[in-house]
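A.B. asks: Here is my input, please return the structure:
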Amino acid sequence: MLVDLLHLSRNIRRSPASAGAAILTLTLTLGAGASIFAVVDAILLGRTMGPQARTIWDSLEFRTPAILRATESLSEAELRWQPPNAGNSIAWLLWHIPEVEDNWVRDKLLNLPKRYPFGVSVKAHSHGEWPSKNALLSYFREVRALTKDRLEQTREEEFDRMIADEHFGSITVRQAWCGVLTSCAWHGGQIIFIVNRLLAKAGAT
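C.D. replies: From the prediction side, this is the model:
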């Protein structure tokens, strides 16, 4: 090893330009390799979100297991039971959460037309035929997967971009995502409240 180092030292003194080029090439090669490994590591470990996107995602997902646990054992009748004073049913809430999560982002951030997989918005739905529990849960999970993809594709600087909203005026992309987050938390909390406090008392069948 010592002999090799001495040989390398003599070569550098004899031809500093060539040595510099070799060192630069080695540095760039190692840097490129490190970048490739970082990308592979990010993909394999799911670390593709920036800090702001990760905060929004973690906040959305924090209460999701509780929402799904609260609904998994409900019958179709319990899902559609309407609380007193014209409150929203769990079916309505479970429909509304992904509709807002998908369409506000499509409309305000992506400039895409809104989509309504059940034909209309839940707000325009008349109290007749409702989507099944499985259909509503599938819609919820489908939109949540879309949200994950969208957040992974959002660069950090994009969160500062200003957009126009007819209700809130000029807001940032970050604030729009916060609106999605608070909608899920608000309506998800209502689902859990209905299941834990109202359905048992009402004896919905």
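
A.B. asks: use CA for all of it now, contacts and neighbours both
C.D. replies: OK.

A.B. asks: Secondary structure element holding residue 148?
C.D. replies: For residue 148, the host element (DSSP states H and E) is helix 133-152.

A.B. asks: Please write out the alpha-carbon positions of stretch 105-113 in CSV.
C.D. replies: Listed next in CSV are the C-alpha coordinates belonging to stretch 105-113 (Å, rounded to 0.1, in the frame of the first residue of the first chain):
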residue,chain,number,x,y,z
VAL,A,105,-56.9,19.3,-6.0
ARG,A,106,-58.0,18.5,-9.5
ASP,A,107,-59.8,21.9,-9.9
LYS,A,108,-57.4,24.3,-8.1
LEU,A,109,-54.0,22.7,-8.4
LEU,A,110,-54.0,20.6,-11.5
ASN,A,111,-56.5,22.5,-13.7
LEU,A,112,-58.4,19.3,-14.4
PRO,A,113,-62.2,18.8,-14.6
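
A.B. asks: what's in contact with it?
C.D. replies: 103, 114, 163, 164, 165, 173, 176, 177 (C-alpha atoms under 8 Å, 6 or more residues apart in numbering).

A.B. asks: Next one: the spatially closest residue to the second one that is not a sequence neighbour from residue 121, what distance?
C.D. replies: The spatially closest residue to residue 114, leaving aside those adjacent along the chain, is residue 103, at 5.2 Å (C-alpha to C-alpha, 6 or more residues apart in numbering). As judged by C-alpha to C-alpha, to the nearest Å, residue 103 and residue 121 stand 10 Å apart.

A.B. asks: likewise residue 106?
C.D. replies: Distance of residue 106 to residue 121, given as C-alpha to C-alpha: 14 Å.

A.B. asks: Report the secondary structure state of the residue nearest to residue 114.
C.D. replies: When classified by DSSP: H, G, I helix; E, B strand; the rest coil, residue 103 comes out as helix.

A.B. asks: Show the contacting residues for it.
C.D. replies: Residues in contact with residue 103 (C-alpha under 8 Å, 6+ apart) are 113, 114, 115.

A.B. asks: Just want the angle from the helix or strand residue 97 falls within to helix 133-152.
C.D. replies: Using DSSP H and E, residue 97 sits in helix 90-104. Per axes from the mean of the first three to the mean of the last three C-alpha atoms, to 10 degrees, the angle that helix 90-104 makes with helix 133-152 is 30 degrees.

A.B. asks: how's this structure carved up into domains?
C.D. replies: Here the domain parsing of the chain from automatic domain parsing is 2-43, 48-202.

A.B. asks: Pick the most deeply packed of those domains.
C.D. replies: domain 48-202 (a mean of 16; mean count of other C-alpha atoms under 10 Å).

A.B. asks: I'd like the mean pLDDT over it, please.
C.D. replies: The predicted model assigns domain 48-202 a mean pLDDT of 93.
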